[in-house]
Each structure stands twice: as structure tokens, then as C-alpha cells.
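Undergrad: Just a sequence and a predicted model for now, questions to come.
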Amino acid sequence: MEIRENIENASTDEELRPLLDSCRSKRDDICDRLAEAFREERLDDARFLTAQLQYWNRIEETVLDKISHIH
């Protein structure tokens, strides 16, 4: 995916921070949509959104790990 390439190509904190912010924004949006899916008992949507949430959590972990290795 493009986000993984962007993370791999980033070499400074200044390049990684916007990626982290974007990731967190996507994750927050998915959490809101997931809560709505559960409220409305749309379990197939909730399952799909849970998979997306896991993906963005792994992306965030990757970015944070790279940031920690820069410092």
C-alpha cells in the first residue's frame, strides 16, 4: 500500500508526524463508524470495520516504531 511506502521512504520526524496524524484521524473515524455499526446491529459492517481498525493500528505502530528509532 502507498502508506507503507511513504513510511518506508520517510527518514525524519517531520516526514513521519503527518503520516501519524493521518493514521490517527483515519483510526478515529473508523472507531466512530464502528460504534455506529454496533449500535445499529450491523455486524457485517462491524466486522469489516474491525479489520480496518486493526490495519490502521498496525500502521500507527509501524510509524511510532520508526519515530522511536530516529530519536
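TA: Nice, I can see it.
Undergrad: okay, and the helix or strand of this structure with the least pLDDT?
TA: helix 2-9 (a mean of 94; mean pLDDT, DSSP states H and E).
Undergrad: What is it packed up against?
TA: Contacts defined by 3 or more Cβ pairs under 8 Å, 6 or more residues apart in numbering; DSSP states H and E place helix 2-9 against helix 13-39, helix 43-70. To be clear about C-beta, it is placed using only N, CA and C from the backbone, and glycine gets the same treatment.
Undergrad: when you compare where the longest one runs with where helix 2-9 runs, what's the angle?
TA: Relative orientation of helix 43-70 and helix 2-9, computed by axes from the mean of the first three to the mean of the last three Cα atoms, to 10 degrees: 10 degrees.
Undergrad: how far away is the spatially most central residue of the chain from T12?
TA: For the chain, W56 is the residue whose C-alpha lies nearest the centre (Cα atoms, centre = their mean; 2.5 Å). When Cβ to Cβ, to the nearest Å is applied, the distance between W56 and T12 equals 22 Å.
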